[in-house]
Structure formats: structure tokens, C-alpha cells
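In: need the 3D shape of this:
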Amino acid sequence: DDAFTFWRGLRDAGLLEEVVQEFSAEFMEAMKGLQQRIQELPLQLNDAILLNNTVQNFGMLDLVKKVLASHKCQMDRSRKQYTRDLAALEQQCDEHRKRAKELKHKSQHLN
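Out: Got it, this is the predicted structure:
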């Protein structure tokens, strides 16, 4: 109730738009700085706190879960492709070994 009264008072005084604009500018600056810093390793504690607070305060946990699920799906597809590629390579190796064995056997008969 106090929060509502505070923000309504700002609006009634004609200051809410300015506050929101200032907040938006500050928030965008913070996010730009964060984007630049996360390119570096390791992740800084302050940045982890900023991310955590942002996700919690703006209800973005579902967005994080969506990104994780998408990444998992991509990793699963990559793993399946890797498994298929590996099986194909193993089959090729087996065929080459078999062919080498046949050639060795033929060369022994010729000698």
C-alpha cells in the first residue's frame, strides 16, 4: 500500500514519466555493461547478483528455463548426430579392416 501511494504521488506530481525514463536509461546501461563483462571469464559475483535479481524481479525464470531447454534440445540433437557419425565411421573401419584382411589373404596365396 505504501509503494502504491509513493508511485501514485510521483505520477500526480508529474514525475513518474521522468523516473521511468531515467530508470530505463540506467537499466539499459547496466545491461550493456553486463553484456560486455560476460564475455570475460570468470563471471563476477556482482554480475551474478545482478542477473539473479533481474530474473527474479522481472519474473524471467521461464525465459531462462526456455533457453536451457532449447540448449538441451540442441545438445541432444548433436549427441544423436555424433552417435550416428561414430557408428558410420566404425562401420567404415570394419569394412577397411575386412578389405585389408582379404587383400593380405590374396597376396599370401599369390606368393
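
In: hey, let's count contacts and neighbours off CA atoms from now on
Out: Fine.

In: kindly state the domain boundaries assigned to the chain.
Out: Listed by the TED database, the domain ranges of the chain are 1-58, 61-110.

In: could you pull out the helices for the protein?
Out: Along the chain, counting by DSSP state H, helices occupy 2-12, 16-37, 45-57, 61-110.

In: what mean pLDDT does the first one get?
Out: Put plainly, it is helix 2-12. Averaging pLDDT along helix 2-12 yields 97.

In: start the count at 41, not 1, going forward
Out: Yep, numbering from 41; the last one is helix 42-52 now.

In: dump it to CSV, restricted to CA.
Out: Provided in CSV are the C-alpha atoms of helix 42-52 (Å, rounded to 0.1, in the frame of the first residue of the first chain):
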residue,chain,number,x,y,z
ASP,A,42,2.9,2.4,0.8
ALA,A,43,4.5,1.6,-2.5
PHE,A,44,1.3,2.3,-4.4
THR,A,45,0.9,5.6,-2.6
PHE,A,46,4.5,6.6,-3.3
TRP,A,47,4.3,5.9,-7.0
ARG,A,48,0.8,7.5,-7.3
GLY,A,49,2.3,10.6,-5.6
LEU,A,50,5.1,10.7,-8.2
ARG,A,51,2.6,10.4,-11.0
ASP,A,52,0.4,13.1,-9.5
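
In: what angle separates that helix from helix 56-77?
Out: Helix 42-52 and helix 56-77 are oriented at 110 degrees to each other (axes from the mean of the first three to the mean of the last three C-alpha atoms, to 10 degrees).
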